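1. test case, fold it:
(2 chains)
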There are 2 protein chains.
Amino acid sequence: MRISRNHPRFRSLETRERLVRAFQAGVVAPQGLIAHGRGEAFDYLFGEITPKSSQAASRVAAALLLSARNPVISINGNTAALIARDIVRLAHSVPAGLEVNLFHKSVARERRIASLLKRNGASRVFGVNANFRSRVPGVASPRRIVDAEGIGDADVVLIPLEDGDRAEALRKAGKMVIAIDLNPMSRTSRAATITIVDNIIRAIPELVRVIMKMKPLSRTRLSAMVANFDNERNLRRVMKDMIRYMQGWA
Amino acid sequence: MRISRNHPRFRSLETRERLVRAFQAGVVAPQGLIAHGRGEAFDYLFGEITPKSSQAASRVAAALLLSARNPVISINGNTAALIARDIVRLAHSVPAGLEVNLFHKSVARERRIASLLKRNGASRVFGVNANFRSRVPGVASPRRIVDAEGIGDADVVLIPLEDGDRAEALRKAGKMVIAIDLNPMSRTSRAATITIVDNIIRAIPELVRVIMKMKPLSRTRLSAMVANFDNERNLRRVMKDMIRYMQGWA
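-> Purely as a prediction, here's the structure:
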């Protein structure tokens, strides 16, 4: 369906149609469409801009990624469909590994996502080789299976658009977790070490920008930023930003 | 996928899977899955209960339906997938007409929805006979086409899960509009004569209950209830209910 540029919801509708096309191409799961809708609603509640509190979380996330031993970015269908090029740029900028990891598992979809990442410049993609599987304890879904050289070995995992079960299990497995989630009340947001409450379409390019700026900083400086960050307090700030926007309507 | 009853989000996940199955059966459009996700998010912000302000709107909606000359309920894929049986009960209780009307038009899907309604007890379904088409002026989507004997002739139209363009156009065409929408800030919510901000899974059975109770009331009494209702003021109350819930997290 063609959408008029004059439509009051043009940008949101265009992103939505992009996701539907990726669904038709077998990259996105039907449940991924529902998850996208949830994101749209929360984004609406911020007035579709990045709140200051989320910018603060992005800087600390950049510090954690830059000081990690083996950072890995977990990729699902929606992330690949919406922001493949920038997520590959992010992986290069850190540098960090990329691993395909699906809640609604399908080998065919895994391969399509991996090849989409490669077409966008990724040199290596974890999670698509059955010989290197390991398990995250405490996860009931197929997502418990991770690549032994990827998330299995990672000290820091970036999870854009993750489910709560797995976010909690990754923390229990002793990993530091950076979540990108538009719902500040979700289990994922609360379980993560650092939560960036933002639309991935804005959050990933922002993260690349911040990383390029922070690269010269010393490891001591980066570690101090991470140590001083209180995710729970920041999520309360995010909620206050959201409430302030909504009060304009009440 | 099977979901454990012990999962903290069991009910929401089960409804979601029901919609995915309806999508696979060709009743729901891919964009309908995204729309459902938006609803899930807003429902979450109410703590997944019906706020008092919405109960008030339901009573006035019942009064308007009972005093209408020719009330018609507009049905799309999501409504049919989630609450077919109750929507047919609602139509019988008023009585009101049922019309299939799709944003993402498809004759095959229209027929599947009509037959789903008939299997759930509907005797007649408008919107599936190409000989009785008329147009709502000012609507760009295929939804402008309505059944001349259904929505085309209606004085009151109930639109669960509607897009903003069409809600505004129905008002401009001089019809009274009852919307059921979980987003109190949407164009649909603001355009409607009466907006019930609630999940249709709860709102439709509630509407049937209220209608059964209000049937004995006089036409004068019903009209007074409608005349005294201020939708804009009620939507501000809804926003306040939502903000109150969110403040518990901030």
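
2. looks like A:Gly97 contacts A:Ser74 (just checking).
-> No: with contact defined as Cβ atoms under 8 Å, A:Gly97 and A:Ser74 do not form a contacting pair (9.7 Å). For every residue, glycine as well, the C-beta is placed using N, CA and C.

3. which of these two has more residues huddled nearby?
-> A:Ser74 (27 against 23; other Cβ atoms under 10 Å in any protein chain shown).

4. residues contacting the more buried one?
-> For A:Ser74, the contacting residues are A:Glu99, A:Asn101, A:Ile151, A:Val157, A:Leu158, A:Ile159, A:Pro160, A:Glu162, by Cβ atoms under 8 Å, 6 or more residues apart in numbering or on different chains.

5. list the residues that contact the third one.
-> This means A:Ile151. Per Cβ under 8 Å, 6+ apart, neighbours of A:Ile151: A:Val72, A:Ser74, A:Glu99, A:Asn101, A:Phe126, A:Gly127, A:Val136, A:Val157, A:Leu170, A:Lys175.

6. which ones are touching the residue in chain A positioned nearest to chain B?
-> Proximity of chain A to chain B (Cβ to the nearest Cβ) peaks at A:Gly37, 2.2 Å away. The contact partners of A:Gly37, taken as Cβ under 8 Å, 6+ apart, are B:Leu33, B:Ile34, B:Ala35, B:His36, B:Gly37, B:Arg38, B:Gly39, B:Glu40, B:Ala41.

7. which secondary structure elements does the helix or strand of chain A with the lowest mean pLDDT contact?
-> None of the helices or strands of chain A scores lower by mean pLDDT, DSSP states H and E than strand A:133-135, at a mean of 78. Judged by 3 or more Cβ pairs under 8 Å, 6 or more residues apart in numbering or on different chains; DSSP states H and E, strand A:133-135 is in contact with strand A:145-147.

8. partners of the strand it packs on, with directions?
-> strand A:133-135 (antiparallel) (DSSP bridges).

9. quick one: A:Glu48 is in a helix?
-> No: looking at A:Glu48 with DSSP: H, G, I helix; E, B strand; the rest coil, it is coil, so not inside a helix.

10. could you list the residues of chain A in contact with chain B?
-> A:1, A:4, A:8-9, A:16, A:19-20, A:23-24, A:30-31, A:33-42, A:44-45, A:104, A:140, A:164, A:183-185, A:187, A:236, A:239-240, A:242-243, A:246-247, A:249-250 (Cβ under 8 Å from any Cβ of the partner chain).

11. which SS state does A:His104 fall under?
-> coil.

12. number of nearby residues for the spatially closest residue to it that is not a sequence neighbour?
-> Leaving aside its sequence neighbours, A:His104 sits nearest to A:Ala29 (Cβ to Cβ, 6 or more residues apart in numbering or on different chains; 4.2 Å). For A:Ala29, the number of neighbouring residues by other Cβ under 10 Å comes to 21.

13. what does the one 5 residues further on give?
-> Using other Cβ under 10 Å, A:Ile34 has 24 neighbouring residues.

14. ok, A:Met212 next?
-> 12.

15. center of chain A, which residue is that?
-> A:Pro160 (1.3 Å; Cα atoms, centre = their mean).

16. ok, the closest residue to that one other than its chain neighbours - contacts?
-> In this structure, A:Pro160 finds its nearest non-sequential neighbour in A:Ile180, 4.1 Å apart by Cβ to Cβ, 6+ apart. Going by Cβ under 8 Å, 6+ apart, A:Ile180 touches A:Leu158, A:Ile159, A:Pro160, A:Leu161, A:Thr195, A:Ile196, A:Asp198, A:Ile200, A:Ala203, A:Ile204.

17. could those residues be laid out in JSON lines, adding distance to A:Arg111 and secondary structure?
-> Shown next, in JSON lines, are the contacts of A:Ile180 (distance: Cβ to Cβ, whole Å; DSSP: H, G, I helix; E, B strand; the rest coil):
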{"residue": "A:Leu158", "distance to A:Arg111": "22", "secondary structure": "strand"}
{"residue": "A:Ile159", "distance to A:Arg111": "21", "secondary structure": "strand"}
{"residue": "A:Pro160", "distance to A:Arg111": "20", "secondary structure": "strand"}
{"residue": "A:Leu161", "distance to A:Arg111": "20", "secondary structure": "coil"}
{"residue": "A:Thr195", "distance to A:Arg111": "30", "secondary structure": "strand"}
{"residue": "A:Ile196", "distance to A:Arg111": "29", "secondary structure": "strand"}
{"residue": "A:Asp198", "distance to A:Arg111": "29", "secondary structure": "coil"}
{"residue": "A:Ile200", "distance to A:Arg111": "22", "secondary structure": "helix"}
{"residue": "A:Ala203", "distance to A:Arg111": "26", "secondary structure": "helix"}
{"residue": "A:Ile204", "distance to A:Arg111": "23", "secondary structure": "helix"}
